[in-house]
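S.K.: the sequence isn't on hand, but the structure is:
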């Protein structure tokens, strides 16, 4: 009994040290322009209309057109709790919408909603807005720092869902397809 316990613990430790079953996390592909939207192979097939990505960790929000309407997806990198060397990309659908309206001045500004069978607007929506933050530099001689952001709000009041989630990205990290 003692030999089998030692042998099994040796196997477990050996496999943990070798990293068996753990593939290295894919490095995020640099996004250069709208053409880079089609080059991403780790995303689901669909026509991407809005993509906001955090370049430091590869997490992103995307709005894509599907056969039945539009779909909002949030992807984040998650660490494996059993092996801290393993990182995987967790994709979560945060909303499915019937209609989306894109601003003519900037297609990154979007309003989406789901239409219910009785014709009313549903309990699910998504909106994005451009925000400019200006702040005064302390100790400076009237210098201002300006930051351009994209705020994305997702409302999902279906049972079992988070009622509202907000995401903020640098405006330069968001592209429209």
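M.R.: That came in fine, so what should we check first? Remember, predicted model here, so these are calculated numbers, not experimental data.
S.K.: lowest-pLDDT helix or strand in this structure?
M.R.: Using mean pLDDT, DSSP states H and E, helix 36-39 stands out as the lowest-scoring helix or strand of the chain, at a mean of 36.
S.K.: confirm residue 161 sits in a strand?
M.R.: No. Judged by DSSP: H, G, I helix; E, B strand; the rest coil, residue 161 forms no part of a strand; its state is coil.
S.K.: buried ones in stretch 52-67?
M.R.: 52, 53, 54, 58, 59, 60, 61, 62, 63, 64 (16 or more other C-beta atoms under 10 Å). C-beta here means a position set from N, CA and C on the backbone, and glycine is covered the same way.
S.K.: where's the dip in pLDDT among these?
M.R.: Among those, residue 58 has the lowest pLDDT, at 84.
S.K.: centre of the chain to stretch 50-57, how far?
M.R.: Relative to the chain's own centre, stretch 50-57 is displaced by 7 Å; criterion: C-alpha atoms, centre = their mean, to the nearest Å.
S.K.: neighbouring contacts of it?
M.R.: 28, 30-31, 37, 59-63, 76-77, 107-108, 110, 128, 150, 152, 167, 169, 173-177 (C-beta atoms under 8 Å, 6 or more residues apart in numbering).
S.K.: among those, which ones are in strands?
M.R.: Counting by DSSP state E, the part of the contacts of stretch 50-57 found in strands is 60-63, 76-77, 110, 128, 150, 152, 167, 169, 174-176.
S.K.: not counting its neighbours along the chain, what's nearest residue 170?
M.R.: residue 149 (6.5 Å; C-beta to C-beta, 6 or more residues apart in numbering).
S.K.: residues contacting that neighbour?
M.R.: Per C-beta under 8 Å, 6+ apart, neighbours of residue 149: 130, 131, 132, 133, 168, 169, 170, 171.
S.K.: mind running it again at 6 Å?
M.R.: Residue 149 sits next to 131, 168, 171 when contact means C-beta atoms under 6 Å, 6 or more residues apart in numbering.
S.K.: how about the helix or strand hosting the first one: buried residues?
M.R.: Assigned by DSSP states H and E, residue 131 falls within strand 121-136. When burial is assessed from 16+ other C-beta under 10 Å, strand 121-136 yields the following buried residues: 122, 124, 125, 126, 127, 128.
S.K.: how much space between the second one and residue 114?
M.R.: As judged by C-beta to C-beta, to the nearest Å, residue 124 and residue 114 stand 4 Å apart.
S.K.: try the third one
M.R.: Distance, residue 125 to residue 114, by C-beta to C-beta: 7 Å.
S.K.: pLDDT and distance to residue 98 added to the buried residues of strand 121-136, as a markdown table?
M.R.: Below are the buried residues of strand 121-136 laid out as a markdown table (pLDDT from 0 to 100; distance: C-beta to C-beta, whole Å):
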| residue | pLDDT | distance to residue 98 |
| --- | --- | --- |
| 122 | 77 | 8 |
| 124 | 88 | 9 |
| 125 | 91 | 11 |
| 126 | 94 | 12 |
| 127 | 95 | 15 |
| 128 | 95 | 17 |
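S.K.: okay then, goodbye and thanks.
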